[in-house]
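**Student:** For reference, the sequence and a predicted model appear below.
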Amino acid sequence: MQEVTGNTTGLGPGAMQMLERIYRRRVAPADVVGPELATFLCECSTEVARQVGILVDRRGQVEHVVVGDASKLVLPDVGRLRAARGRFRGLRLVHTHLRGEPLTQDDLTDLALLRLDLVAAIGVERGGRAGTVYMAHLVPQADGAEPYRLLPARPAHHLDVDFGQLIRSLEAEFARTVDRVASTDLGKDRAIVVSVQLGRRRDASGRVAELLELARSADVKVLEVAEQPRPEPDPKYLLGRGKLEQILVRAMQLGAELLIFDPDLSPGQARAISDFTDLKVIDRTMLILDIFAQRAHTRDGKLQVELAQLRYTLPRLVEKNTMMSRLTGGIGGRGPGETKLEINRRRARERIGRLEKQIEELSKRRHVRRERREGSGIPVVSIVGYTNAGKSTLFNALTSADVNVEDKLFATLDPTSRRLDLGGHGERTVVLTDTVGFIRDLPKDLVNAFRATLEELDFAGVLVHVVDASDPDHPQQIESVARILGELGLGERPRILVMNKIDRMPRADAERVAREHGAVAVSALDPKGFAPLREAIRAELWRSSGPARATSAASPSE
């Protein structure tokens, strides 16, 4: 016999046996609930003086029997949604109302959040008779309106609703709506961005714009942005529960599959929100890690991205999460008494240890190459800057390289080195290195994983800090890069500030911005204007290295 769940405390054996007999009942495919079952539910509800509900599948089989209190009931975990677009849960909720009241807001919230086929409330009359039945179902794309439709109330013994026909037409309507949304961006995940603005942050609009750019770079279609200012984060959900419910209902209306949160979720918040919804839930760091996973091409880069992902997801592993299931295959994969969660965590730790050893070995090889390069007396100049500031475009223009260039965040991950002839007196040659771009609140796991790559900066005599002068948020970006360089121990390294993309702004504005920051103004698309930059690099090398080193002989390219 299946189990009766919910508020069963204080119920005697006779009442429990009565409730368990509900599982023996069946509902005809065309009926919302049959008159005999409706009457029996009301008799049970009168006997226990509590709401009694059932979840019925499309075959008419009772899947769950739930007991509440006098005014509400709490539904059990009903599993994950079916995968097909436009499909509902495949379950309808039929329950009693002791005072004969219509559907409550809790009923309608359960309908929307759980994506139920339908919700029905049967009014209990005197003597345990079934009275009026109130019903509601979901509707698609209800812009500015409620996501559900209330059906006319009907007597329990004269329900003329063809449930089978109703649910087929609703799912067809939902599927058409989702297809219309998806047709403009085939193959892309559809997401709602959730921005929680804590305290009195001045950069809220900049963070939202940047998160939208991150989503675009990850090939995610953002359907809507939900914002909530809060003095401090909710410890369980980051934002308020009511706001979260609104967002989930809106996601259902728009056909969204993904929620992207900013700021980052704690492990506890990630688990709580994942338990609250069937949608995929990620935060800003996970989105950045996903972009890095798409863009890493070298073995070194792939290893570092995987390490960062494992370090970030390890404390977020939960029993219902399947993100690590691929690590548990093979004979002997589970020990006696181990749960799937314990296996996932142990395998993740083992994998982290192996990755750290491999990355350390690659770091040693790079160190040998750098020592060989230093022995030749070639100065190193590294390009740093905010992501999408035009670093790779400038690198290609200066060195005639062919590093990948896209108008996306983190388009280039793997460091590249090329010879650069500075020209002028002594025909000075240096090694110019292009590095991964920075971003505000760069994830610590990512910094730690890419520390081996960022070691290139330790050997640079001069840093060329490239800034997108046309971005109105460039002062904050300069500050973010300076802060990250300080965290890497490079805050005192000689640095040349370069205001790039001046072709996107009036000449007078470009000159003013460059003057305010004491920077060199260039456009990476116009090599004719590189002479001041070459001269600035040459002068900084002269100051930092001394005349003897600044005039050493040129060497072959890296």
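**Tutor:** That came in fine, so what should we check first? Small disclaimer: the values here were computed from a predicted structure and weren't measured.

**Student:** Check whether residue 133 sits in a helix, strand or coil.
**Tutor:** Taking DSSP: H, G, I helix; E, B strand; the rest coil as the rule, one finds residue 133 in the strand state.

**Student:** Start at 20, not 1
**Tutor:** In the new count, where the first residue is 20, that last one comes out as residue 152.

**Student:** Tell me the secondary structure of residue 425, please.
**Tutor:** coil.

**Student:** Residue 411 is in contact with residue 453, isn't it?
**Tutor:** Yes. The pair residue 411 / residue 453 is scored as a contact, 5.7 Å apart, by C-beta atoms under 8 Å. C-betas here are computed from N, CA, C, even on glycine.

**Student:** who touches both of these two?
**Tutor:** With contacts taken as C-beta atoms under 8 Å, 6 or more residues apart in numbering, the residues that reach both residue 411 and residue 453 are 422, 431.

**Student:** With adjacent residues omitted, what lies nearest to the residue lying farthest from the centre of the chain?
**Tutor:** What lies farthest from the middle of the chain is residue 146; by C-alpha atoms, centre = their mean that is 53.0 Å. Leaving aside its chain neighbours, residue 146 sits nearest to residue 65 (7.7 Å; criterion: C-beta to C-beta, 6 or more residues apart in numbering).

**Student:** hang on, the one you found packs against residue 147?
**Tutor:** Yes. Using C-beta under 8 Å, residue 65 is in contact with residue 147, at 3.8 Å.

**Student:** Report the backbone C-alpha coordinates of the helix or strand harbouring the residue nearest to residue 146 in PDB.
**Tutor:** Element membership for residue 65 (DSSP states H and E) is helix 54-67. This file holds the C-alpha atoms of helix 54-67, laid out as PDB (Å, rounded to 0.1, in the frame of the first residue of the first chain):
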ATOM      1  CA  PRO A  54     -18.600  11.800  -8.300                       C
ATOM      2  CA  GLU A  55     -18.000   8.700  -6.200                       C
ATOM      3  CA  LEU A  56     -14.300   9.700  -5.500                       C
ATOM      4  CA  ALA A  57     -15.300  13.300  -4.800                       C
ATOM      5  CA  THR A  58     -17.800  12.100  -2.200                       C
ATOM      6  CA  PHE A  59     -15.300   9.700  -0.600                       C
ATOM      7  CA  LEU A  60     -12.700  12.500  -0.400                       C
ATOM      8  CA  CYS A  61     -15.200  14.700   1.400                       C
ATOM      9  CA  GLU A  62     -16.100  11.900   3.800                       C
ATOM     10  CA  CYS A  63     -12.400  11.400   4.600                       C
ATOM     11  CA  SER A  64     -11.900  15.100   5.100                       C
ATOM     12  CA  THR A  65     -14.900  15.300   7.400                       C
ATOM     13  CA  GLU A  66     -13.600  12.300   9.400                       C
ATOM     14  CA  VAL A  67     -10.100  13.800  10.000                       C
END
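
**Student:** if you average pLDDT over whichever helix or strand comes after it, what comes out?
**Tutor:** On the C-terminal side of helix 54-67, the nearest following helix or strand under DSSP H and E is strand 71-76. The pLDDT scores in strand 71-76 average 95.

**Student:** contacting residues around residue 178?
**Tutor:** Listed by C-beta under 8 Å, 6+ apart, the contact set of residue 178 reads 50, 51, 52, 54, 152.

**Student:** who wins for most neighbours among these?
**Tutor:** residue 52 (28 neighbours; other C-beta atoms under 10 Å).

**Student:** Give me the nearest residue to it, chain neighbours excluded.
**Tutor:** Nearest to residue 52 is residue 113, by C-beta to C-beta, 6+ apart, at 4.7 Å.

**Student:** Using just helix, strand and coil, how would you label the one you found?
**Tutor:** Residue 113 is classified as strand under three-state DSSP.

**Student:** With residue 244 instead?
**Tutor:** Per three-state DSSP, residue 244 ends up strand.

**Student:** Please report the distance of it from residue 557.
**Tutor:** Noted for residue 244: a distance of 46 Å to residue 557, by C-beta to C-beta, to the nearest Å.

**Student:** starting at the chain centroid, how far to the helix holding residue 65?
**Tutor:** Per C-alpha atoms, centre = their mean, to the nearest Å, the displacement of helix 54-67 from the mean C-alpha position of its chain is 45 Å.

**Student:** Kindly report the same for stretch 144-161.
**Tutor:** That offset, for stretch 144-161, works out to 37 Å (C-alpha atoms, centre = their mean).

**Student:** With only the CA atoms kept, save that stretch in PDB.
**Tutor:** Once non-C-alpha atoms are left out, stretch 144-161 reads as follows in PDB (Å, rounded to 0.1, in the frame of the first residue of the first chain):
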ATOM      1  CA  GLU A 144     -21.000  20.300   2.700                       C
ATOM      2  CA  ARG A 145     -22.800  19.000   5.800                       C
ATOM      3  CA  GLY A 146     -22.700  15.300   6.300                       C
ATOM      4  CA  GLY A 147     -19.500  15.000   4.200                       C
ATOM      5  CA  ARG A 148     -21.300  15.500   0.900                       C
ATOM      6  CA  ALA A 149     -19.400  16.900  -2.100                       C
ATOM      7  CA  GLY A 150     -20.500  20.300  -3.100                       C
ATOM      8  CA  THR A 151     -19.200  22.900  -5.600                       C
ATOM      9  CA  VAL A 152     -16.000  22.200  -7.400                       C
ATOM     10  CA  TYR A 153     -13.700  25.100  -8.300                       C
ATOM     11  CA  MET A 154     -11.000  24.600 -11.000                       C
ATOM     12  CA  ALA A 155      -8.200  26.400 -12.700                       C
ATOM     13  CA  HIS A 156      -5.500  25.600 -15.400                       C
ATOM     14  CA  LEU A 157      -2.500  27.400 -16.800                       C
ATOM     15  CA  VAL A 158      -2.500  29.700 -19.800                       C
ATOM     16  CA  PRO A 159       0.600  30.600 -21.900                       C
ATOM     17  CA  GLN A 160       2.200  34.100 -22.500                       C
ATOM     18  CA  ALA A 161      -0.200  36.000 -20.200                       C
END
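
**Student:** could you give the angle of the strand or helix carrying residue 33 to strand 71-76?
**Tutor:** In this assignment (DSSP H and E), residue 33 forms part of helix 32-39. Per axes from the mean of the first three to the mean of the last three C-alpha atoms, to 10 degrees, the angle that helix 32-39 makes with strand 71-76 is 30 degrees.

**Student:** Show me what helix 32-39 is packed against.
**Tutor:** strand 23-25, helix 54-67, strand 81-86 (3 or more C-beta pairs under 8 Å, 6 or more residues apart in numbering; DSSP states H and E).

**Student:** For the nearest residue to residue 557 once chain neighbours are set aside, grab phi and psi.
**Tutor:** Excluding the flanking residues, the one nearest residue 557 by C-beta to C-beta, 6+ apart is residue 441, at 4.9 Å. Main-chain torsions, residue 441, degrees, to the nearest 10: phi -80, psi -20.

**Student:** residues touching residue 441, list them.
**Tutor:** Listed by C-beta under 8 Å, 6+ apart, the contact partners of residue 441 are 447, 448, 449, 553, 556, 557.
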